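K.L.:
Would you be able to build a 3D model of this:
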Amino acid sequence: MEFSLLSASYKNCAVEIREKLAVSDAVMAELIQFLKAKCGLAGVMVLSTCNRVEVYFEGDKASAKADAVEAALLEFLKAQIPVAQPFLRLNGREAINHVFRVTSSLESMVIGEPQITGQMKDFFHLSVEAKGPGFLLNQLMNKAFATAKRVRTETAISKFAVSISFAATELAKRIFDDLAEKTILIIGAGEMAELAAQHLVKAGCSHVQVANRTFSRAVELAEKFNGSAVRFESLEKHLESADIVISSTGAKGYVVDPEMVAKAMKRRKLKPMFLIDIAVPRDIAPGVNEVPNAYLYDIDDLQSVVDANLAERKKEAEKAQDLIIEELDKIDQWLATLEVVPTLKSFRESILDLANQELDKGLSQLGDLTQKQERVIRQMVNGLAYKVLHQPTVMLKQKAREGAENLDYVQALIELFALEPEQEQKPKKVLQLKSSS
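P.N.:
All right, here's what the predicted structure looks like:
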């Protein structure tokens, strides 16, 4: 049993090709069953997001079926792809490492973004509903989610703002001890200003005012935040009540100057004011930074914060990969023990079958026994059988974890006890206490 995958992502596949490979939720179940039947696979899961389309599959000699899986996928989607091989192919540990990295957001365009883990869970649930994953894929995906949780809790990979709008919020938190009850004044109605306001409101800011040259647009944006629209002409007056100012207009000159801010700060009794200038060209004169307790950041300041935070996320990503390697080593040991499971199952059934035969033979020769006497004999034989099984079971699993060169022990056990682990075993009678009826 092997695990393999095909991956077409933003790293190796152009968006115009990924668009042709995209799979809708509506046909996901049908596709999964088609791939399983067409390619003789034991398990399949399909992931389809804006940045990647991936097929995870397990089966006997799965790595040799990559071409067939790709061809079946393209056949199902009726996709004409202008490149010979749109998918990256990975097998075994390398494939598992990739799945763990994707789930932990180490393969995302923005490292550490939290959405991908939720998307992976959604697509896994879709696959489960379609009876897609087999035993191995089920186990690997659950391990991937547990690993992603470790990465999220044991590293700071998601704790550094890597968007301009979110960086503005992080800076505001440094200036104000508490954002609750703080008032935001949005000047203009640009998309980035709106995003910054969304983050700030989510962080606790409770009052939003919007000033825009087109008043109807100010009203429209203010309604999104349950705020109020103010006339652009009365901007200087409303600066007084603003704790945070976000400006993003298309003006050719400054709309906020040092004199306006100085007057507002005097009326505010020098309570801190945080000004975020996201406009290009700039809306707020640089001299505002000279006004006491006024803190001005422009787009370049915010970008430098983002760049520094991206560097920090990359450092945390290295720590995250170390965690993934720890989990991969555990997976390797677990997979190694799976190789000896058929032999151990056959060995267990063989010993218990012999014990049952001898128990039945002995009980028939002893004549009438009390229930207590029969229970004692059964417990004795049962205990002996399991003690015989215990040490070989522990030793064989340990040898499997230590490496493939120890598989001679498996063969020795097969030959010593004439086991047939490759064949389907018939149900065996187990050692149990008969009912008193």
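K.L.:
Measure how buried residue 342 is and give me the count.
P.N.:
Residue 342: 17 surrounding residues under other CB atoms under 10 Å. (Glycine included, C-beta is placed from N, CA and C.)
K.L.:
Tell me how far the residue nearest to residue 251 when sequence neighbours are not counted lies from residue 293.
P.N.:
Once flanking residues are discounted, residue 251 sits nearest to residue 283: 6.1 Å by CB to CB, 6 or more residues apart in numbering. From residue 283 over to residue 293 the distance is 20 Å, taken as CB to CB, to the nearest Å.
K.L.:
Which one of the two is surrounded by more residues?
P.N.:
residue 283 (26 against 14).
K.L.:
buried stuff in stretch 163-170?
P.N.:
Residues 163-170 are the ones in stretch 163-170 that count as buried (16 or more other CB atoms under 10 Å).
K.L.:
what comes into contact with that stretch?
P.N.:
Outside of stretch 163-170, the residues within contact range by CB atoms under 8 Å, 6 or more residues apart in numbering are 110, 161, 192, 195-196, 198-200, 203, 246, 276, 278, 297, 299, 302-303, 305-306, 309.
K.L.:
Quick one: buried ones out of the residues you listed?
P.N.:
If you count burial by 16+ other CB under 10 Å, the buried members of those come out as 161, 192, 195-196, 198-200, 203, 246, 276, 278, 297, 299, 302, 305-306, 309.
K.L.:
Out of these, name the ones that lie in strands.
P.N.:
Mapping those onto strands (DSSP state E) picks out 246, 276, 297.
K.L.:
Output those in JSON lines; the columns should cover pLDDT and distance to residue 268.
P.N.:
Output for these, formatted as JSON lines (pLDDT from 0 to 100; distance: CB to CB, whole Å):
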{"residue": "246", "pLDDT": "91", "distance to residue 268": "17"}
{"residue": "276", "pLDDT": "92", "distance to residue 268": "17"}
{"residue": "297", "pLDDT": "92", "distance to residue 268": "19"}
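K.L.:
Quickly note the distance from residue 334 to residue 173.
P.N.:
Residue 334 is 43 Å from residue 173, by CB to CB.
K.L.:
Please disregard the earlier target; I meant residue 204.
P.N.:
Residue 204 is 9 Å from residue 173, by CB to CB.
K.L.:
Overlap in contacts, these two.
P.N.:
Residues touching both residue 204 and residue 173 (CB under 8 Å, 6+ apart): residue 179.
K.L.:
ranges for the helices of the stretch 251-400 of the chain?
P.N.:
Assigned by DSSP state H, counting those that start in this stretch, the stretch 251-400 of the chain shows helices spanning 258-267, 299-366, 371-402.
K.L.:
Mind listing residues that contact the helix or strand hosting residue 72?
P.N.:
In this structure, residue 72 sits in helix 66-77 according to DSSP states H and E. Outside helix 66-77, the residues that touch it by CB under 8 Å, 6+ apart are 4, 6, 20-21, 23, 30-31, 34-35, 38-39, 41, 55, 57, 79, 81, 85-87, 89.
K.L.:
Give the ChimeraX command for selecting the buried subset of those.
P.N.:
Burial among those is assessed by 16+ other CB under 10 Å; the matching ChimeraX selection reads:
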select :4,6,20,21,23,31,34,35,38,39,41,55,57,81,86,87,89
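K.L.:
between the helices of the stretch 251-400 of the chain, which one is nearest to residue 408?
P.N.:
helix 371-402 (8.8 Å; CB to CB).
K.L.:
start to end distance for stretch 83-96?
P.N.:
Using CA to CA, to the nearest Å, the end-to-end distance of stretch 83-96 comes out at 26 Å.
K.L.:
what comes up buried for it?
P.N.:
By 16+ other CB under 10 Å, the buried positions in stretch 83-96 come out as 86-87, 89-90, 95-96.
K.L.:
Point out the least confident one among those.
P.N.:
Of all those, residue 86 carries the smallest pLDDT score, 88.
K.L.:
just checking, that one touches residue 19?
P.N.:
No. Counting by CB atoms under 8 Å, residue 86 does not reach residue 19; the two are 11.7 Å apart.
K.L.:
Excluding sequence neighbours, find me the nearest residue to residue 381.
P.N.:
Residue 381's closest residue in space is residue 359 (CB to CB, 6+ apart), at 4.9 Å.
K.L.:
Same check on residue 185?
P.N.:
residue 242 (3.7 Å).
K.L.:
still on that earlier bit, now tabulate the ones in strands among the buried ones among the contacts of stretch 163-170 in TSV and tack on distance to residue 10.
P.N.:
Shown next, in TSV, are these (distance: CB to CB, whole Å):
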residue	distance to residue 10
246	30
276	30
297	30
